[in-house]
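In: Okay, predicted coordinates and the sequence, questions at the end:
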There are 2 protein chains.
Amino acid sequence: LRYKLTIEYEGTGLVGWQKQPDLPNSAQQIIEEAIFKLTLEEVKIHASGRTDAGVHALRQVAHFDLKKEKTTHTIESGLNHFLRRSNCAVTNCEIVNDAFHSRFDAKSRHYQYKIINRRPHLTFNKKLAWQVYETLNVSKMQEAANFLIGTHDFSSFRDSECQAKTPIRTVEKIEIFKEGELIKINFSAKSFLHHQVRNMVGTLVLAGKEKIKPEEMKVILEAKDRTKSGPNAPSCGLYFVGVDY
Amino acid sequence: LRYKLTIEYEGTGLVGWQKQPDLPNSAQQIIEEAIFKLTLEEVKIHASGRTDAGVHALRQVAHFDLKKEKTTHTIESGLNHFLRRSNCAVTNCEIVNDAFHSRFDAKSRHYQYKIINRRPHLTFNKKLAWQVYETLNVSKMQEAANFLIGTHDFSSFRDSECQAKTPIRTVEKIEIFKEGELIKINFSAKSFLHHQVRNMVGTLVLAGKEKIKPEEMKVILEAKDRTKSGPNAPSCGLYFVGVDY
């Protein structure tokens, strides 16, 4: 039977989603080990997408197959028993059709980036947001963001290690909200290039600091050159929020 | 000159606001030491109210006097320089009239209590909210809370070590909001008895679990007997949100 999990993880201290040799602290390995402890089956779980070291997930989705049949309640509460001292938790479990694939069937992926915009050092949320000291102009950021919406060649926002076949992506939505000192940026797309969201955030922050004009975002995008865009925003501000199927 | 500070602290690991012999980790001592490092003056700071060990503050207010005159910018950024590795930060500084007193002039104090209501263990906010596993009926909680609003003898919600002269208090507001798995309870009063907010929360949670009916809150209140109310809710969910003058 194929099981679909919704997984939450606090990325601080994790090497990311993907299992890596000699680095036990990946979300994938932590969850695969919990599945083994619960079922005594060695399985591979497939996530909707990887996340980098330090990136958080509110609703990562992953699937795996079991030979034995177990109830979704047994899976969810049993896995959480073995995960209770980790930074990972299962927040939902469903039995799905054998044809379901968490990665290939994803129609839209959603990320949120959190910035805390203030002078005093943080006492809360130290590893859960990017602190920007200089006051940001949020409407300039939204103006700049609007140039990124749509189908474009995102080479200017692509990490040099990105393995995607094409740099063309369709950004469906970038919405920026300010709530007191907290700035939230919501991104949606079918898929993103490696570091695309964090590179876009780093460049939007340049617009917010008024170091570049909003319309320069178009020039940067059209340059198709990573050296033209802003710095890669820190991983601690990035949240994988969910997937639509 | 008299300075009024607005102070934020993450209470995890603090013994509370008040300075205690042999326990260096109080917000008061941490801030007094920072003032000494900055000004070389030994001062006593007076807060609007104490908070217990583990309780957080978003906008605690405190005042102190300095012999030397310094700008509010120097005080704020200078103190934050010495506080940068601590759980405390100064978020505002003003020069006030010598007659101002952070405690005696307070007209209204505001607390928020955060509950996370879900089965899976927490990966975020572990020490920043009270996790309640059993599903809470929030409208029953609000119904029960309404019996506490107004001027009453709050002996049933008063800690045995409370030193207040009278158990009579006027609760101006109790408002409960549910946002997904997060339940926020906002309390306002001129002042509260020791542990009053946390004892009220513990009893409201009994109403939310439907272990008591909302109208039993009135019976508990009228009993004037601490043994009739619910457990003291954990300190990690409590936030001192602000003071009106």
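Out: Received it, and whenever you're ready, just let me know what you need. Keep in mind it's a predicted model, so treat the numbers as computed, not measured.
In: alpha carbons only for contacts and neighbour counts from here, please
Out: Will do.
In: May I ask you to confirm that A:Arg80 belongs to a helix?
Out: Careful, residue A:80 is Asn; it's not Arg. Yes: under DSSP: H, G, I helix; E, B strand; the rest coil, A:Asn80 sits within a helix.
In: burial measure for it, as a count.
Out: 23 (other Cα atoms under 10 Å in any protein chain shown).
In: Name the next helix or strand downstream of the longest strand seen in chain A, please.
Out: If you go by DSSP state E, chain A has its longest strand at strand A:168-179. Per DSSP states H and E, the first helix or strand lying C-terminal to strand A:168-179 is strand A:182-189.
In: Which other helices and strands does the helix or strand just after that next one contact?
Out: Note on strand A:182-189: by DSSP H and E, the next helix or strand toward the C-terminus is helix A:196-208. Judged by 3 or more Cα pairs under 8 Å, 6 or more residues apart in numbering or on different chains; DSSP states H and E, helix A:196-208 is in contact with helix A:138-146.
In: Let me see the confidence value for the spatially most central residue of chain A.
Out: Nearest residue to the geometric centre of chain A (Cα atoms, centre = their mean): A:Phe240, 3.2 Å. pLDDT recorded at A:Phe240 is 98.
In: what does chain A have sitting close to chain B?
Out: Proximity of chain A to chain B, by Cα under 8 Å from any Cα of the partner chain, involves residues A:8-10, A:77, A:80, A:84, A:86-91, A:120-124.
In: For chain B, see how far away the residue located most distally from the centre of chain A is.
Out: If you look at how far each residue of chain A sits from its centre, by Cα atoms, centre = their mean, the farthest one is A:Lys68, at 31.8 Å. From A:Lys68 across to chain B, the span is 23 Å (Cα to the nearest Cα, to the nearest Å).
In: before we move on, the earlier item: what is the orientation angle of the strand or helix carrying the residue nearest to the centre of chain A with strand A:182-189?
Out: Assigned by DSSP H and E, A:Phe240 falls within strand A:238-244. On the basis of axes from the mean of the first three to the mean of the last three Cα atoms, to 10 degrees, strand A:238-244 is oriented at 40 degrees to strand A:182-189.
In: which residues does the residue nearest to the centre of chain A contact?
Out: The contact partners of A:Phe240, taken as Cα atoms under 8 Å, 6 or more residues apart in numbering or on different chains, are A:Thr51, A:Val55, A:His56, A:Ala57, A:Leu58, A:Arg59, A:Gln60, A:His110, A:Tyr111, A:Gln112.
In: A:Ile35: which of the residues you listed is nearest?
Out: Taking Cα to Cα as the measure, A:Ile35 sits nearest to A:Gln60 out of these, at 16.5 Å.
In: Could the C-alpha coordinates of the helix or strand that closest one falls within be exported in CSV?
Out: Applying DSSP H and E as the criterion places A:Gln60 in strand A:56-65. Provided in CSV are the C-alpha atoms of strand A:56-65 (Å, rounded to 0.1, in the frame of the first residue of the first chain):
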residue,chain,number,x,y,z
HIS,A,56,11.9,24.7,7.4
ALA,A,57,8.8,22.8,6.2
LEU,A,58,5.3,23.3,7.4
ARG,A,59,3.6,20.9,5.0
GLN,A,60,6.2,18.8,3.1
VAL,A,61,4.5,15.9,1.3
ALA,A,62,6.2,12.5,0.8
HIS,A,63,5.1,9.0,-0.1
PHE,A,64,6.3,5.5,0.5
ASP,A,65,5.1,1.9,0.1
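In: Could you find the closest non-adjacent residue to A:Ala144?
Out: Computed as Cα to Cα, 6 or more residues apart in numbering or on different chains, the closest residue to A:Ala144 that is not its neighbour in sequence is A:Pro214, at 4.0 Å.
In: For the buried ones among the contacts of A:Phe240, write the corresponding ChimeraX selection.
Out: Selecting only the buried entries of those in ChimeraX, with 16 or more other Cα atoms under 10 Å in any protein chain shown as the criterion:
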select /A:51,55,56,57,58,59,60,110,111,112
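In: I'd like the contacts of A:Phe240 as a markdown table, with distance to A:Lys184 and pLDDT appended.
Out: Output for the contacts of A:Phe240, formatted as a markdown table (distance: Cα to Cα, whole Å; pLDDT from 0 to 100):
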| residue | distance to A:Lys184 | pLDDT |
| --- | --- | --- |
| A:Thr51 | 19 | 95 |
| A:Val55 | 15 | 98 |
| A:His56 | 14 | 98 |
| A:Ala57 | 15 | 98 |
| A:Leu58 | 15 | 98 |
| A:Arg59 | 17 | 98 |
| A:Gln60 | 19 | 98 |
| A:His110 | 13 | 98 |
| A:Tyr111 | 10 | 98 |
| A:Gln112 | 7 | 98 |
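In: what's the angle between the strand holding A:Phe240 and helix A:196-208?
Out: Going by the same axes, to 10 degrees, strand A:238-244 makes 120 degrees with helix A:196-208.
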